[in-house]
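**Q** Let's see this in three dimensions:
(2 chains)
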2 protein chains.
Amino acid sequence: MSSAEFAFIDWLRSRTPAGQRVVVGIGDDAAVVAWPDPTHLVITTDMLLEGSCFRLAEAGARRVGNKAMSVNLSDIAAMAARPVAAVVSVGLPRAGGRALAEELYLGLREVADDFATPIVGGDTNSWDGPLTISVTLIGETTPRGAVRRNGARPGDWLIVTGPLGGSILGHHLDFTPRVREALALHNLVDLHAMIDISDGLARDLSHLCEESRVGAVVIAESLPIREDARKLAATTGRTVTQHALADGEDFELLFAVSPADGVRLLGTQPIAGLSLVRIGQFVEEPGMWLMEAGQRRELPALGYSHEFE
Amino acid sequence: MSSAEFAFIDWLRSRTPAGQRVVVGIGDDAAVVAWPDPTHLVITTDMLLEGSCFRLAEAGARRVGNKAMSVNLSDIAAMAARPVAAVVSVGLPRAGGRALAEELYLGLREVADDFATPIVGGDTNSWDGPLTISVTLIGETTPRGAVRRNGARPGDWLIVTGPLGGSILGHHLDFTPRVREALALHNLVDLHAMIDISDGLARDLSHLCEESRVGAVVIAESLPIREDARKLAATTGRTVTQHALADGEDFELLFAVSPADGVRLLGTQPIAGLSLVRIGQFVEEPGMWLMEAGQRRELPALGYSHEFE
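**A** You can find the predicted model right below:
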């Protein structure tokens, strides 16, 4: 709630590279961002909590900082928007908080810099609890507007931007958010609906289906599998397909396009460094199904969810 | 990081009163806000942590929600900007988290509604730690621009919008952020510099002085004293002046205006419900001084600060 004695946020602000969107000024605890364009504003926020979203001892503070910025950028990517600026709130454990903060902020900065996104403000607190970080990003839509979850149509192809499953073995900390890829796709084809896979393919697909009021069929054999999903499956007794469907934190994009656009994308693979894979199709009947070894069965919305009592 | 099973945020969004700024759509974890004006964007974030910024058992979740929204609105007020939209991230304890969240969100909503500020997104998490809430507000400047901390000039009057001290006895949870008053003042006079008193009068004044590169003299006898500061002083052995200078969380505005504007404001008291008080003056020499019983002595930047090791 108050500024920290060691002014992390000022330190962060002072390191914003030249040429990034100008921060007009800092007044009180708010920042003023130049906002000349008559486009729409996109805003997203994600909180990471020690023990729930990461294990600090395992990950290290720098990678936690990477992840805190990247998960928010992934939400901006899911709408095919451009990031503009970030604010960061942290609750630091009192003991060792300063050293922790420095590593954490390095991690936040290196990802923000990769996406030319200045960190314009924040709030640094100390407390007796575990590390908690909340990042809020604002972004702007392109002239083509924001891609939402509600535009998938029966017959649309279901395409994913990369391999799935096993992210807990490292990918969930080290991924690169698909911001550039989303903008490139948005520029090339008419994206009917899009989401980033954070909670798990099946669960995130269920959001697309519900909000678009359509159903979907996923072809198990077509799912691109991350090598870590195979490693994990060898120890968990679950199949690689189950891992790909439900692990989550893949941070790949899942989107709907017309068959014509789908054919074009898969035929030309126009996005550098990306292998687009068709994993199924949207259908008129509400629901989700998995086709596996020639059998069609219902696909529950597997994936991560926070539980309360 | 993921959506909660009980979709608090959707519930919040669905209750946004008609007539508030239109949320164009919800896509993925980001919201799209219509942003037609070529004004500047203001963004602020504040995190509240159980045990550090409030005691849940004492305050109750609803008042914690009130406070989490109000401290952010107070930061917007300090720049004389208008709130536009809010996002809310929470980390809820697993046991009892749902009931807690409902009360918390009621508290967030009632303050947001008072200021016609839709809650357009957020992130609900559960964990084994204590309650943590982070609110981010975006706002827009008026055609007169944002008021910053760096415009105070030697000779300017130092004015405060209300009584100080003793906020820990209740005011820190129950205050009304000075958003409307700030806009009214901004419309009436040329506000050279402004801040809200969160860390304590002396500490927040030091920010105005440093950023404006001026000094200030505070007249102890002129400080408006909250009744709770007197109550507290009766038990702490400190003077009411000490409480007024250093307690913080008053969430009154502290600002600099020319003597001519100062005379006009104090003579007419044009802001309904507000008693503006002149408590000192800015001077050329950097530093801060307290005039008390005819004696001038140095005034340290007393107030709250987070400590790290």
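
**Q** so which strand or helix has the nearest residue to A:A301 once chain neighbours are set aside?
**A** Spatially, and ignoring its direct neighbours in sequence, A:A301 is nearest to A:S206 (3.8 Å; C-beta to C-beta, 6 or more residues apart in numbering or on different chains). No exception for glycine: its C-beta is placed from N, CA and C like everyone else's. If you go by DSSP states H and E, A:S206 is part of helix A:201-212.

**Q** What is the burial count for A:T236?
**A** Close neighbours of A:T236, defined as other C-beta atoms under 10 Å in any protein chain shown, add up to 12.

**Q** ok, it - contacts?
**A** A:H243 (C-beta atoms under 8 Å, 6 or more residues apart in numbering or on different chains).

**Q** separation between A:E292 and B:T239?
**A** 77 Å (C-beta to C-beta, to the nearest Å).

**Q** still on that earlier bit, quick one: contacts of the helix holding A:S206?
**A** By C-beta under 8 Å, 6+ apart, helix A:201-212 touches A:148-153, A:158, A:160, A:164, A:192-193, A:195-198, A:215-216, A:218, A:223, A:244-246, A:248, A:250, A:254, A:256, A:282, A:286-288, A:299-305.

**Q** swap the cut-off to 6 Å and go again
**A** A:149-150, A:152, A:164, A:193, A:195, A:197, A:215-216, A:245-246, A:254, A:299, A:301-303 (C-beta atoms under 6 Å, 6 or more residues apart in numbering or on different chains).

**Q** Next: stretch A:68-77.
**A** A:44, A:46, A:48, A:83, A:108, A:111-112, A:115, A:133, A:135, A:137, A:139, A:177-179, A:182, A:196, A:251, B:1, B:28-30.

**Q** Let's see which of those residues end up in helices.
**A** Judged by DSSP state H, helices contain the following of the contacts of stretch A:68-77: A:108, A:111-112, A:179, A:182.

**Q** and the closest residue to A:N125 other than its chain neighbours, what element?
**A** The shortest distance from A:N125 to any residue other than its chain neighbours is 4.9 Å, reached at A:G91 (C-beta to C-beta, 6+ apart). Following DSSP H and E, one finds A:G91 within strand A:81-93.

**Q** What is that strand packed up against?
**A** Contact here means 3 or more C-beta pairs under 6 Å, 6 or more residues apart in numbering or on different chains; DSSP states H and E; on that basis strand A:81-93 packs against helix A:97-114, strand A:119-127, strand A:132-141, strand B:41-49, strand B:132-141.

**Q** and the residue nearest the centre of chain A, what pLDDT?
**A** Centroid check for chain A by C-alpha atoms, centre = their mean gives A:S74 as the closest residue, at 2.7 Å. Per-residue confidence at A:S74 stands at 96 (pLDDT).

**Q** tell me the secondary structure for it?
**A** helix (DSSP: H, G, I helix; E, B strand; the rest coil).

**Q** re earlier: so for the helix holding A:S206, what's the average pLDDT?
**A** 95.

**Q** Next, the buried residues of it.
**A** By neighbour count on 16 or more other C-beta atoms under 10 Å in any protein chain shown, the buried set for helix A:201-212 is A:201-209, A:211-212.

**Q** try stretch A:117-127
**A** A:117-127.

**Q** out of the residues you listed, who's nearest B:P143?
**A** B:P143 has its nearest neighbour among the buried residues of stretch A:117-127 in A:V120, at 22.0 Å by C-beta to C-beta.

**Q** Can you tell me how far that closest one is from B:S70?
**A** Taken as C-beta to C-beta, the span from A:V120 to B:S70 is 22 Å.

**Q** Apart from its chain neighbours, what residue comes closest to A:G262?
**A** A:W157 (3.4 Å).

**Q** got a list of what the one you found touches?
**A** Per C-beta under 6 Å, 6+ apart, neighbours of A:W157: A:257, A:259, A:262, A:278, A:281.

**Q** Each with direction, which strands does the host helix or strand of the last one pair with?
**A** I take that to be A:Q281. Using DSSP H and E, A:Q281 maps to strand A:277-283. Using DSSP bridges, strand A:277-283 pairs in its sheet with strand A:157-160 (antiparallel), strand A:215-219 (antiparallel).

**Q** What lies in contact with the last one?
**A** Contact with strand A:215-219 is made by A:205, A:209, A:279-283, A:285-291, as judged by C-beta under 6 Å, 6+ apart.

**Q** mind redoing it with 10 Å?
**A** Residues outside strand A:215-219 that contact it (C-beta atoms under 10 Å, 6 or more residues apart in numbering or on different chains): A:152, A:154, A:156, A:158, A:160, A:201-202, A:205-206, A:208-209, A:241, A:244-245, A:256, A:278-292, A:296, A:299.

**Q** of those, buried ones?
**A** Looks like the contacts of strand A:215-219 have A:152, A:156, A:158, A:160, A:201-202, A:205-206, A:208-209, A:241, A:244-245, A:256, A:278-283, A:288-292, A:299 buried, using 16+ other C-beta under 10 Å.

**Q** gap between the helix or strand hosting A:Q242 and the chain center?
**A** Here A:Q242, judged by DSSP H and E, is contained in helix A:240-246. From the chain centre to the centre of helix A:240-246 is a distance of 19 Å (C-alpha atoms, centre = their mean, to the nearest Å).

**Q** cool, and stretch A:72-84?
**A** That offset, for stretch A:72-84, works out to 8 Å (C-alpha atoms, centre = their mean).

**Q** tell me the secondary structure for A:A184?
**A** helix.

**Q** Grab the nearest non-local neighbour of it.
**A** Closest to A:A184 by C-beta to C-beta, 6+ apart is A:I271, at 5.3 Å.

**Q** Need phi/psi at that neighbour.
**A** When quoted as degrees, to the nearest 10, the phi and psi of A:I271 stand at phi -100, psi 120.

**Q** quick one, what contacts it?
**A** Here A:I271 is in contact with A:161, A:178, A:180-182, A:184-185, A:188, A:265 (criterion: C-beta under 10 Å, 6+ apart).

**Q** hmm, which two among these are most spread apart?
**A** A:R180 and A:L265 (15.8 Å).

**Q** quick one, which of these two is more surrounded?
**A** The neighbour count for A:R180 versus A:L265, taken as other C-beta under 10 Å, is higher for A:L265 (21 against 17).

**Q** so who does the residue lying closest to the more buried one once chain neighbours are set aside touch?
**A** Among residues not flanking A:L265 along the chain, A:L276 sits closest, at 5.4 Å (C-beta to C-beta, 6+ apart). Applying C-beta under 10 Å, 6+ apart to A:L276 gives the contacts A:157, A:159-162, A:181, A:185, A:224, A:253, A:255, A:257, A:262, A:265-266, A:268-270.

**Q** Would you check how far apart A:L276 and A:V147 are?
**A** The value you get for A:L276 to A:V147, if C-beta to C-beta is used, is 16 Å.

**Q** got it, and A:G155?
**A** A:G155 is 18 Å from A:V147, by C-beta to C-beta.

**Q** neighbour count winner among these two?
**A** Using other C-beta under 10 Å, the more surrounded residue of A:G155 and A:V147 is A:V147, with 27 against 14.

**Q** which SS state does A:L302 fall under?
**A** coil.

**Q** how much space between the residue lying closest to it once chain neighbours are set aside and A:R226?
**A** Counting by C-beta to C-beta, 6+ apart, the nearest residue to A:L302 once its immediate chain neighbours are dropped is A:A246, at 3.7 Å. From A:A246 over to A:R226 the distance is 13 Å, taken as C-beta to C-beta.
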